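A.B. asks: give me coordinates for this.
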Amino acid sequence: MLASSFARVALRSSKNNAISCGQNISSGSQRAATSRRCAVVAVSNGQSHLAQVRTFAAQKRNYSTNGVRLVESGTYSSPRPTHNCGQLRLSDVGKTVTLTGWLSSHRPMSQQLAFIVLRDGYGSTQVKFELSQDSTQNLSELLKSTPLESILAVRGKVVARPDNMRNSSMPTGEIEIEAVEIEILNRALNVPLPFQRDSPDTTTEESRLRYRYLELRQPYLQRNIRLRSKILQIIRHSLVNNGFNEIETPTLFRKTSEGAKEFLVPTRNPGKFYVLTQSPQQYKQMLMASGFDRYFQVARCYRDENLRADRQPEFTQIDLEMAFIQQEDIMKVIEDLLSAVWKEALGHSMQTPLPRRTYRWCMDNYGSDKPDTRYELKLQDVSDIFANTGVSVLQNKHVKAEAWQGQFGVKAINVVGLSSACNDKEIESILNEAKLNSAGRGVVMIRVGKNGSLKSLITKYLSDQEIQQLTSRLNVHEGDLIMLSAGLGDEPLQLLGKMRVWCANILQQKKLLIIPADRYDFFWVVDFPLFTWEDGVMAATHHPFTAPVSEDAHMLLTHPEKVRGQHYDIVLNGIELGGGSIRIHRAEEQLQVFRDVLKLPLSKVDEFSHLLEALSHGCPPHGGIALGLDRLVAQALGAKSLREVLAFPKTGTGAELLTGSPSSLSHTELQELIDNLKTAQQQLKTPPPSGGHELN
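C.D. replies: A predicted model of the protein is given here:
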């Protein structure tokens, strides 16, 4: 199969293919048809391209050009470059050098003069070929017959460019190479590239991911992936210097009720399955019980969730855990780590210690537990203003609401200047976005006109006192846009928090909000609720292993929703870079959370028996954190998507187009899986053995 696939590709690059298929190919059907035509032409020529390659491999072609040689190598040896293509400067003038890289462009000037640009992962260098006047060779034609993206080796002397020919946009723009020899190490296919290297934005994402190895040659992706590597080295160095041991834990784990949906992995043991780990959470806690007091690893994690721009099914996190520590100790380690990354990788100094913000402060002011604080647009509580309002949508209609739903309130935000910057159609789109994000009443919008006049569907129902108090508290001016939302608990805050971000993006697009690219607002969010109600059922806000704040521990069984957890998130510019907590380190307390607070059935508790046993054998107090490496690098680079910092990312549907993953199973493999599932189904019909965990 591999040989036939290679043959198909090889056929497309025959000489006849280059002649008959040199046009731009836009659609998939056109590409397929063109490929078939090219294959026919190549075969009818009497010799397949694969045979041509085999014949060519044993020879070396030389084109004499009066002092400049064009050599086509047929061996497997490679010349050693003396420098990379982004390295040479005026101080190197006079040196004889060898450069290797891709043919990025060629610019024939005449039969005697031509320029090419050679590119590698470090930069680009211009190369000049100049022949004597009596040369009978046409170097331009030879260069034009060499496809772009071919791999070349160039040997020559470094010379200074004439003053009027220098290129300030290129780091190597003050010099060029006077070539004496060019060696073609690997001739690229002489067919149109799937997309133009200089304008990848005009190409569909599907095409770019299908030919990811070509897109990865883009300078910005080269920079991103190399900087990711550098950041990872800095992180490792920082943690090792802090006494951490890098320890790998298994990625094949057992099914537990830990949170997100997991990827199942069938085994050869009928009815038994692994899952791919969501995180090394339980393993690292057991390492604390094992005596490794400072652990870290660069962990691969997997979650079978709906994808988006900042989420992939597989991701990398910097995972660490420490024994005999408090919350501030872990924060100090992370602040040192991030300071090193931003200083050494980006040249940016961080001020530490970082600010601490409570969860409640974030929600009340920004409607989010990870707010972007680079701009204001704060939320306001206006419940008192509308306590006796005649506006139906702002009235409390939940007199019989359950206690867990929270108190009724009315919240507001004033988006400065947005009303005057948007036409009616744009305002309507903002309202539609609010409806999409609302699980309740949505938002009421009020446009502020001349002399403070208000334009809204509810204006005629507002009293003079309500208008005066609202405009005064929000400090409104002509051209502003007021949004109101009413509901129970944090519901209106969360909705306005999302609309705050949406409106800020609009302001940025209209140049009414300018955020410097090098502004980094780091801070910690603390004092999260340990448990939250989800549709009337108590659930762990983060995970069930987090310890309560000592002052709140007495309410664990009576009012668990009021208990704060020793959890902490590190936030940067509206993105959660990571989160961690001090853990429950005593087995009886962990069992109490499982059984008495979360009300887990015994079968679910037994999924954590290994952890409970480890805690019961003398586990020290401990805590940890996990940083999302992908998100951290994306934020450091200002990337719009995680796909810009991953070598081989998945699409929004979880597909990896380059290799065709995921793929179908063969009939035999599929039958084996079906048999496994049937066995598992039979086991479900068998009553489980009685008993449970020993602790009670």
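A.B. asks: give the buried residues for stretch 324-331.
C.D. replies: Burial within stretch 324-331, assessed by neighbour count using 16 or more other Cβ atoms under 10 Å, is assigned to 325, 327, 330-331. All C-beta atoms are positioned from the backbone trio N, CA, C, and that covers glycine.
A.B. asks: in JSON lines: these, plus secondary structure.
C.D. replies: Output for those, formatted as JSON lines (DSSP: H, G, I helix; E, B strand; the rest coil):
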{"residue": "325", "secondary structure": "coil"}
{"residue": "327", "secondary structure": "helix"}
{"residue": "330", "secondary structure": "helix"}
{"residue": "331", "secondary structure": "helix"}
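A.B. asks: can you redo those as TSV with distance to residue 342 and pLDDT?
C.D. replies: Shown next, in TSV, are those (distance: Cβ to Cβ, whole Å; pLDDT from 0 to 100):
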residue	distance to residue 342	pLDDT
325	24	96
327	22	96
330	19	97
331	16	98
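A.B. asks: now do the strands in the stretch 301-450 of the chain.
C.D. replies: Assigned by DSSP state E, counting those that start in this stretch, the stretch 301-450 of the chain shows strands spanning 314-323, 356-358, 379-381, 408-415, 444-448.
A.B. asks: looking at the ones you listed, which is closest to residue 522?
C.D. replies: Residue 522 lies closest, by Cβ to Cβ, to one member of those: strand 356-358, at 10.9 Å.
A.B. asks: what's the closest one packed up against?
C.D. replies: For strand 356-358, the packing partners by 3 or more Cβ pairs under 8 Å, 6 or more residues apart in numbering; DSSP states H and E come out as strand 522-526.
A.B. asks: export the strand it packs on as PDB, just CAs?
C.D. replies: Coordinates of each C-alpha in strand 522-526 appear next as PDB, following Å, rounded to 0.1, in the frame of the first residue of the first chain:
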ATOM      1  CA  PHE A 522      -1.500  38.300  35.600                       C
ATOM      2  CA  PHE A 523      -3.400  37.600  38.800                       C
ATOM      3  CA  TRP A 524      -4.500  34.800  41.100                       C
ATOM      4  CA  VAL A 525      -8.200  34.000  41.700                       C
ATOM      5  CA  VAL A 526      -8.800  32.500  45.200                       C
END
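A.B. asks: return the set of buried residues in that strand.
C.D. replies: Neighbour-count burial for strand 522-526 [16+ other Cβ under 10 Å]: 522-526.
A.B. asks: among the strands of the stretch 301-450 of the chain, which is nearest residue 664?
C.D. replies: Across these (criterion: Cβ to Cβ), the nearest stretch is strand 314-323, sitting at 20.0 Å.
A.B. asks: how far does that closest one sit from its chain's centre?
C.D. replies: The chain centroid and the centroid of strand 314-323 are separated by 16 Å, computed with Cα atoms, centre = their mean, to the nearest Å.
A.B. asks: contacting residues for residue 514?
C.D. replies: Residue 514 makes contact with residue 508, according to Cβ atoms under 8 Å, 6 or more residues apart in numbering.
A.B. asks: try 10 Å
C.D. replies: 375, 507-508 (Cβ atoms under 10 Å, 6 or more residues apart in numbering).
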